[in-house]
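[1] Test case, fold it:
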Amino acid sequence: MSGQKTAWVTGASSGLGLHTALALRDDGWRVIAGARSFEDGEADGMTRLKLDVTDEKSVARFCEKAAGIAMPDALVQCAGMLVLGSCEETSVEEFRRVIDTNYLGMVRMNRAVLPLMRERGGGKIVLFSSINGLLGIPFQGAYTASKHAIEGYAECLQLEVKPFGIQVMLVEPGDHRSGSDRYRPHAAAMKPDSPYAAEYESGTGVIRRDEQNGSDPDALGRKIARTLDRKVIPFRKRIASPDQHLAVYVHRLLPAGVNAAILRRYYIRRRKGSSPRSE
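    A predicted model of the protein is given here:
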């Protein structure tokens, strides 16, 4: 197709990354999709290339192969994972694995792609953050930390790349029906005798319910595709349900203690007779 634009999409094997890649394909983009589970080839109307964003050599190989097919008009970074666990019992290695994938994976890809975009005189970079990049919830400490890092990093990035015609957009999804348990394991130390066990069971139950009843991931993909079709894209695009939009506004406006009380009441629903050992 003459004049067809190309998007490189990371984390495209499942979840919101897959839905976004498919939406871009349906919108007429040439999609070069990367994921650890991929083998190089064509499938579903997209080019698939193996990519592990935690591995510098894998990032370099992906970019070399993708550039040989088509240079990126847009880089859409969706690779991510989380570990559910209390902050105390989530190990440093588990924190490291989440941050290495969610945040440093973006840094590696940007370092490889920015020179290509500068040379071409422009491009669009989409970084998947989260509502959790704006507020924290219990038992998602590693994930929330990684998303807060992305928010700050993106603010710096957009200021630096503007003179080169490169635009940056943070996507801040709320809960969507797209999660895979493969990418949200429980911290190894979270055992039934944990001092956080009762509240952990309650909090993760609410998280699971909200994801299962979340928004349509196909609709999110279409919104991102339509936004990338614009000449100028917004720096932030929050895609969430009305109550999650409200939660962000409340978090900004109310005192910290009030916010904490609201969030605890929502997530922590101990059964009668359970021990308040974490109070």
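
[2] Would you mind finding the longest strand in this structure?
    Longest strand in the chain, counting residues (DSSP state E): strand 166-173.

[3] And the next helix or strand past that one?
    Next helix or strand after strand 166-173 toward the C-terminus (DSSP states H and E): helix 197-212.

[4] just the helices in the stretch 51-200 of the chain please.
    For the stretch 51-200 of the chain, applying DSSP state H, counting those that start in this stretch gives helices covering 56-69, 92-99, 105-120, 141-161, 197-212.

[5] okay, those in CSV with mean neighbour count, distance to Q244 and mean pLDDT next?
    In short, each C-beta sits where N, CA and C put it, glycine included. Compiled in CSV, the helices of the stretch 51-200 of the chain are given as follows (neighbours: other Cβ atoms under 10 Å; distance: least, Cβ to Cβ, whole Å; pLDDT from 0 to 100):
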stretch, mean neighbour count, distance to Q244, mean pLDDT
helix 56-69, 16, 32, 98
helix 92-99, 16, 21, 97
helix 105-120, 18, 23, 98
helix 141-161, 19, 14, 98
helix 197-212, 17, 9, 92
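
[6] Any chance of TSV for these, columns distance to V168?
    Output for the helices of the stretch 51-200 of the chain, formatted as TSV (distance: least, Cβ to Cβ, whole Å):
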stretch	distance to V168
helix 56-69	18
helix 92-99	20
helix 105-120	9
helix 141-161	4
helix 197-212	27
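
[7] To R226, which of the ones you listed lies closest?
    helix 141-161 (20.5 Å; Cβ to Cβ).

[8] ok, residues contacting the closest one?
    With contacts defined as Cβ atoms under 8 Å, 6 or more residues apart in numbering, helix 141-161 is touched by 80, 82-83, 85-87, 90, 94-95, 98-99, 101-103, 106-107, 110, 114, 117-118, 125, 127-130, 132-134, 136-137, 167-168, 170, 235.
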